[in-house]
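Undergrad: okay, structure incoming, though there's no sequence with it:
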């Protein structure tokens, strides 16, 4: 029962994460490989800097991506999907395919 | 661009639906076959009648399930997953597997 509740809570956290605005798009960009902040920003022009920074921090906390800092001049910051993040991308893809297919049929 | 926005909105609606409390459990029960209200109620003892009725109505509006009324005495009401609902069950399964796997590794 406690295990069931824990699984249920982690499921709901996962669904909420996936349903958060811009999360699928950010995961999608990073699926192409490690990316600098400016690359993600350019790939999603509608997002504001504040929101993008917040989302990247949330996704880092959730273990979906890592942030690597190279102490060059200027400092190089790159975001990469973790294995967990790459697996989440597959789930997002499944949900997107479902939504896309049934959106086309109306209702 | 408009198509992209439409896909994005239908994706978010789908993610919100999946993340709604009890929705995965209800879909799960109906995956076993058409079920009467009382069967769903018994399978998910923690849910209240008000919430279960609301969720069943929402899922019917979203085209996930159908409600069939047989005018017997007493009236027989059965809920069944649509094809769209059965496909959503697969997506829910993928998300549950992901959540379950990574919940076990912590954070």
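TA: Okay, I see it. Note that the structure is predicted; figures quoted are calculated from it, not measured.

Undergrad: show me what contacts the residue nearest to residue A:81 when sequence neighbours are not counted?
TA: With sequence-adjacent residues excluded and distances taken as CB to CB, 6 or more residues apart in numbering or on different chains, residue A:81 is closest to residue A:30, at 4.7 Å. No exception for glycine: its C-beta is placed from N, CA and C like everyone else's. Residues in contact with residue A:30 (CB atoms under 8 Å, 6 or more residues apart in numbering or on different chains) are A:40, A:65, A:79, A:80, A:81, A:85.

Undergrad: what subset of those residues is buried?
TA: Buried members of the contacts of residue A:30, scored by 16 or more other CB atoms under 10 Å in any protein chain shown, are A:40, A:65, A:79, A:81, A:85.

Undergrad: restricted to helices, list these.
TA: Of the buried ones among the contacts of residue A:30, the ones assigned to helices by DSSP state H are A:40, A:85.

Undergrad: chain A against chain B: which residues are in contact?
TA: A:6-8, A:10-16, A:18-19, A:21, A:24-25, A:63, A:84, A:87-88, A:90-91, A:94-96, A:98-103, A:107 (CB under 8 Å from any CB of the partner chain).

Undergrad: now for residue A:40: which residues touch it?
TA: Contacts of residue A:40 (CB under 8 Å, 6+ apart): A:26, A:29, A:30, A:52, A:56, A:79.

Undergrad: please repeat the previous calculation with a cut-off of 10 Å.
TA: A:22, A:25, A:26, A:29, A:30, A:47, A:52, A:55, A:56, A:79 (CB atoms under 10 Å, 6 or more residues apart in numbering or on different chains).

Undergrad: what does residue A:81 give?
TA: Taking CB under 10 Å, 6+ apart, we find residue A:81 in contact with A:26-27, A:29-35, A:59, A:64-66, A:87-89.

Undergrad: just the closest of those to residue B:72, please.
TA: Looking at these and their distance to residue B:72, the nearest is residue A:88, at 46.7 Å (CB to CB).

Undergrad: you'd agree the closest one is up against residue A:59?
TA: Yes - Residue A:88 lies in contact with residue A:59 (CB atoms under 10 Å); the separation is 9.4 Å.

Undergrad: the more surrounded of these two?
TA: Just comparing residue A:88 and residue A:59: by other CB atoms under 10 Å in any protein chain shown the higher neighbour count belongs to residue A:88, 29 against 25.

Undergrad: helix or strand: which one has the more buried one?
TA: helix A:83-104 (DSSP states H and E).

Undergrad: low-scoring stretches of chain A, by residue?
TA: A:1-7, A:104-107 (pLDDT under 70).

Undergrad: quick one, strands of it?
TA: For chain A, strands defined by DSSP state E occupy the ranges A:35-36, A:65-70, A:76-81.
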